[in-house]
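In: my questions are about this predicted structure, shown below with the sequence.
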Amino acid sequence: MAWTRKILRVNLTAGTCTEEPLNMEWAHKYLGQRGLATKYLVEEIDAKVDALAPGNKLIMATGPLTGTMAATGGRYSVITKSPLTGAIACSNSGGFIGNEIKNAGFDMIIFEGKSPKPVYLYLENEKAELLPADELWGKSVWEADHILHNRHQDPLLRIACVGRSAEQGCLYAGVVNDLHRAAGRSGVGTVMASKNLKAVAVRGTRGVGNVRDIKAFMQATQAAKAALAGNPVTGEGLPKMGTQVLMNVINEVGAMPTRNMREVQFEGANRISAEAMHIPRESDGKPNLTTNGACFGCTIACGRISTIDPKHYTIADKPQYKAASGGLEYEAAWALGSDTGVDDLDALTYANFLCNEDGFDPISFGATVAAAMELFEIGAITTEHTGGLEMRFGSAEALTRAAEMVAKGEGFGRDLALGSKRLCEKYGHPDLSMTVKGQEFPAYDPRGIQGMGLTYATSNRGACHLRSYTVSSEILGVPVKTDPLSTDGKPELVKAFQDATAAVDSSGLCVFTTFAWTLEDIAPQVDAACEGGWSPEKMLEAGERIWNLERKFNLDAGLTAKDDTLPKRLLKDAAKTGPAKGKVNELHKMLPHYYEIRGWTPEGVPTAETLNRLELYEQGP
C-alpha cells in the first residue's frame with residue numbers, strides 16, 4: 001500500500017503536533033500528494049479565506065511512490081491557497097526532503113493557524129516538536145540551513161525553508177529545500193512565512209514499506225527505468241543538457257517570449273543556452289556548468305550545478321557566491337534572460353543563485369522585471385521610483401540589482417515583489433502584465449504553440465506549463481506529433497495532458513518521466529505498490545477528479561470563466577518573426593469546446609452530472 005497511513009497535524013497557534021490516521025477512502029480516490037492534499041485543503045478551509053490569514057492552511061504532501069525504489073520517487077508538494085492568484089496553489093519539488101518526510105513515517109504534514117513567534121518544525125521519525133526560530137528569522141535560506149545543520153549536528157538532516165523575501169511578503173516566494181530545489185510557484189513560501197514558520201527540518205530512518213506486491217513492484221520499476229534510460233530525452237538530452245536543451249529549440253520555432261512577450265525570438269538565446277553553459281571561460285578555463293545533479297531516486301539527473309565566472313562583476317567582492325550551486329534551468333534562464341533581454345550568462349546565474357538563496361520564484365521575478373522594464377521604457381516609472389536604477393531591457397545591472405532588492409525587500413524591490421499584475425496596475429498599465437489569474441507566464445509563447453495558450457488560460461493555478469505540457473506533443477512529438485500552429489484537436493490534447501499530469505503529480509513521481517512513460521508504464525508501479533486496483537483508466541479518472549476539485553475550489557474562491565483568458569498582447573498582437581509570424585493565439589476557437597468536453601457549462605462550471613460521475617457530489621444527490 002506504500003502509504004504510511006499517517007499524517008502529522010501541526011497547530012501553530014497552539015504549538016501542538018498530533019498524529020492522525022490518513023483518510024484511506026480519500027486516498028483511494030485522490031491517490032496522494034497533489035490530489036489527496038487538495039482534498040484535505042478543500043475540506044478544511046473556506047475557499048474565500050485570505051491566503052495570508054491564519055485560517056488558511058499549508059500542507060506538505062508526499063505521494064505513495066515517494067521514498068520507494070521507483071525512478072524519480074522523491075517528489076513532494078506544498079499545497080495551500082495562493083496569495084498571488086487567490087486560487088488553489090500546488091507547487092512541486094524534488095531534492096531529498098520528500099523522501100525524508102516519508103521515511104519519518106508520514107504521508108503529509110498539515111500546518112494550521114499562526115505561531116505567535118517564529119518557529120521551525122523539527123521532525124525525527126515519530127518525534128515532532130516546534131522549536132524557536134528567532135535566530136533564523138531574517139536569515140537567508142542558505143544561512144538558516146547552515147545554522148540548523150550545526151544546531152542538530154546531523155549532516156543527513158533535510159531542510160525546507162523560506163528566505164527573507166517570504167518574510168518581507170514577496171507574493172511569489174517559494175519554499176526551498178536542499179539549498180536549491182524549490183516548491184517555487186504561486187507564493188507558497190509567502191503563506192509559510194505568514195504563519196511564522198521558518199523551516200521544516202526532517203530526519204527519517206524508518207524506511208518506506210507497505211508495498212502491496214514487492215515482486216511485481218520490482219519488475220514494474222525495473223522495466224520503467226529501462227524505458228527512461230533508452231529514451232533520447234530522459235536518457236541523453238536531459239542528463240547532458242538539462243531542461244536548457246530547449247532554449248535554442250524553442251527560439252528556432254518562434255515561441256521564445258522576449259522582452260515582456262513583445263517578440264517571439266531572442267537574438268541572444270545562444271549565449272544563455274545549454275550549449276553556452278558547456279563552453280570554458282577565458283578567466284579560469286572552466287565552464288558555467290560544473291556537473292549535473294539528481295534528486296532522490298532519480299535516474300535522469302537533469303539538475304544543473306554551476307559556478308559564476310570569478311571575475312564577473314556580480315561576485316567581485318562576494319566570496320559566498322564563488323562556490324558551485326544550483327544552476328540555470330530553462331524556465332529560469334528564459335525569465336531572467338530572454339524576457340528581460342539580458343544575454344549575460346553569469347548575470348543570469350547570479351540572479352538565479354539569489355532566487356535560491358532567498359527563496360523567490362525566478363519565473364515570476366524575471367517576468368515582473370520584464371514588465372518593469374517596459375513600464376520604464378514608456379515612462380510610467382522613472383529612476384525616482386527605482387532608486388536611481390535604470391530598468392532598461394538588456395541591462396544585466398538592472399536585473400541583478402533588482403534580484404538583490406527583492407531578496408532583501410528593499411526599495412523598488414518591494415514593488416517588484418508584488419508580481420507583475422499588481423505592479424502594472426499600480427503604475428497604470430495593467431495590460432503590460434503577462435499573467436493568467438495573476439501568475440506570470442512560463443517560457444513558451446502561445447502564438448507559436450497554440451495548445452499552450454489553452455493550457456495557460458485554463459490552468460487552475462494561473463499560467464503554468466507543468467499542468468499540461470503540450471510542448472511535448474506540439475514541438476517534440478511525444479507521444480504524438482501535433483501542429484503547434486493549429487488549434488485542431490487542442491482541447492482534447494490539453495484535457496488529456498491535464499488529467500494525466502494531475503495523476504502523475506499525485507503519485508510521488510516526476511512529470512519529466514512522461515517524456516518516456518505513459519500511464520501504461522506508471523499504473524503498474526502504482527498498482528503493485530498500492531491497494532485499490534490502479535489501472536491506467538483509474539489513474540486518469542483520478543486525475544480528472546483532481547482537476548475538477550481544483551476547479552470547484554477556484555469557483556468557490558470567486559474566480560470565473562472570465563479568468564480563463566490571456567493578455568490582450570497575445571490575442572491581438574501578432575508574432576513578428578519566425579514560423580508563427582502573423583499569428584495570434586486563437587483561444588476563442590478552443591475554449592468553448594474545452595468546456596464542453598470537460599463536462600462544464602458554457603460559463604466554465606462543472607455540471608451536476610460531471611460532479612456526480614467523479615463522485616464529487618456537491619451539486620447533485
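Out: Nice, I can see it. Numbers count the residues shown, from 1 in each chain.
In: stretch 484-497: which residues count as buried?
Out: P484, L485, T487, K490, P491, L493, V494, K495, A496, F497 (16 or more other Cβ atoms under 10 Å). In this view, the C-beta of every residue, glycine as well, is placed from N, C-alpha and C.
In: inside strands: which ones of these?
Out: Among the buried residues of stretch 484-497, no member falls in strands (criterion: DSSP state E).
In: going along the chain, name the helices of the stretch 51-200 of the chain.
Out: In the stretch 51-200 of the chain, the helices defined using DSSP state H, counting those that start in this stretch lie at 97-103, 141-152, 164-167, 188-194.
In: I'd like those as a markdown table, with distance to K581, mean neighbour count and mean pLDDT appended.
Out: Formatted as a markdown table, the helices of the stretch 51-200 of the chain follow (distance: least, Cβ to Cβ, whole Å; neighbours: other Cβ atoms under 10 Å; pLDDT from 0 to 100):
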| stretch | distance to K581 | mean neighbour count | mean pLDDT |
| --- | --- | --- | --- |
| helix 97-103 | 44 | 28 | 98 |
| helix 141-152 | 43 | 19 | 98 |
| helix 164-167 | 39 | 28 | 98 |
| helix 188-194 | 38 | 29 | 98 |
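In: closest one to P536 among those?
Out: helix 97-103 (24.0 Å; Cβ to Cβ).
In: send over the helix or strand where R422 lies as PDB, restricted to the C-alpha atoms.
Out: Assessed by DSSP states H and E, R422 sits inside helix 420-426. Provided in PDB are the C-alpha atoms of helix 420-426 (Å, rounded to 0.1, in the frame of the first residue of the first chain):
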ATOM      1  CA  SER A 420       3.700  41.900 -12.500                       C
ATOM      2  CA  LYS A 421      -0.100  42.100 -12.200                       C
ATOM      3  CA  ARG A 422      -0.100  44.400  -9.200                       C
ATOM      4  CA  LEU A 423       3.000  46.200 -10.300                       C
ATOM      5  CA  CYS A 424       1.400  47.100 -13.700                       C
ATOM      6  CA  GLU A 425      -1.900  48.100 -12.000                       C
ATOM      7  CA  LYS A 426      -0.100  50.300  -9.600                       C
END
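In: packing partners of that helix?
Out: In terms of contacts (3 or more Cβ pairs under 8 Å, 6 or more residues apart in numbering; DSSP states H and E), helix 420-426 is packed against helix 362-377, helix 413-416.
In: looking at the helices of the stretch 51-200 of the chain, which is nearest to E374?
Out: E374 sits nearest to helix 164-167 of all those, at 22.8 Å, using Cβ to Cβ.
In: which other helices and strands contact that closest one?
Out: helix 188-194, helix 396-408.
In: tabulate the ones you listed (TSV), appending distance to S507.
Out: Formatted as TSV, these follow (distance: least, Cβ to Cβ, whole Å):
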stretch	distance to S507
helix 188-194	20
helix 396-408	34
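In: for F353, which residues are in contact?
Out: With contact set as Cβ atoms under 8 Å, 6 or more residues apart in numbering, F353 has these partners: I308, Y321, S325, G326.
In: state which helix of the chain is the longest.
Out: Assignment by DSSP state H gives helix 536-557 as the longest helix of the chain.
In: in the helix or strand just after it, which residues are buried?
Out: As assigned by DSSP H and E, the chain's next helix or strand after helix 536-557 is helix 568-572. By neighbour count on 16+ other Cβ under 10 Å, the buried set for helix 568-572 is R569, L570, L571.
In: please work out the average pLDDT along helix 568-572.
Out: For helix 568-572, the mean pLDDT works out to 98.
In: quick one: average confidence on the helix or strand that that helix is followed by?
Out: The C-terminal neighbour of helix 568-572 among helices and strands, as given by DSSP H and E, is helix 587-598. In this model, helix 587-598 carries a mean pLDDT of 98.
In: tell me what helix 587-598 is packed against?
Out: Partner elements for helix 587-598 (3+ Cβ pairs under 8 Å, 6+ apart): helix 450-458, helix 490-505.
In: what does the helix holding R422 rub up against?
Out: When contacts are defined by Cβ under 8 Å, 6+ apart, helix 420-426 is touched by residues 171, 364, 367-368, 370-372, 375, 415-416, 418, 430-435, 438, 440.
In: now do that helix: distance to the chain's middle.
Out: 22 Å (Cα atoms, centre = their mean, to the nearest Å).
In: with stretch 36-56 instead?
Out: The chain centroid and the centroid of stretch 36-56 are separated by 19 Å, computed with Cα atoms, centre = their mean.
In: quick one: end-to-end length of that stretch, please.
Out: End-to-end distance for stretch 36-56, by Cα to Cα, to the nearest Å: 17 Å.
In: next one: stretch 110-120
Out: Length of stretch 110-120, first residue to last, Cα to Cα: 14 Å.
In: contacts for that stretch?
Out: Residues contacting stretch 110-120 (Cβ under 8 Å, 6+ apart): 7-15, 40, 44, 54, 57-60, 121, 130-134, 136-137, 148, 192, 194-201.
In: where do the strands sit along the stretch 251-400 of the chain?
Out: Taking DSSP state E, counting those that start in this stretch, the strands of the stretch 251-400 of the chain run over residues 289-293, 303-306, 325-326.
In: direction included, what does the shortest one pair against?
Out: Meaning strand 325-326. Strand pairing for strand 325-326, determined by DSSP bridges: strand 303-306 (antiparallel).
In: residues contacting L614?
Out: E541, E544, R545, N548.
In: give the buried residues for the helix holding R422.
Out: Per 16+ other Cβ under 10 Å, helix 420-426 contains these buried residues: S420, K421, R422, L423, C424.
In: ditto for stretch 218-237
Out: For stretch 218-237, using 16+ other Cβ under 10 Å, the buried residues are A220, T221, A224, K225, A227, L228, N231, V233, T234, G235, G237.
In: and what of stretch 409-418?
Out: Of the residues in stretch 409-418, G409, G411, F412, G413, D415, L416, A417, L418 count as buried by neighbour count, 16+ other Cβ under 10 Å.
In: determine which two of these are furthest apart.
Out: G411 and L418 (13.4 Å).
In: and the closest residue to G230 other than its chain neighbours, how close does it get to Y469?
Out: Leaving aside its chain neighbours, G230 sits nearest to A516 (7.8 Å; criterion: Cβ to Cβ, 6 or more residues apart in numbering). Using Cβ to Cβ, to the nearest Å, one gets 14 Å for the distance from A516 to Y469.
In: okay, now V480: neighbour count?
Out: For V480, the neighbour count with other Cβ atoms under 10 Å is 9.
In: check contacts around it.
Out: Per Cβ under 8 Å, 6+ apart, neighbours of V480: S473.
In: that one - that's part of a strand, no?
Out: No - under DSSP: H, G, I helix; E, B strand; the rest coil, V480 sits outside any strand and is assigned coil.
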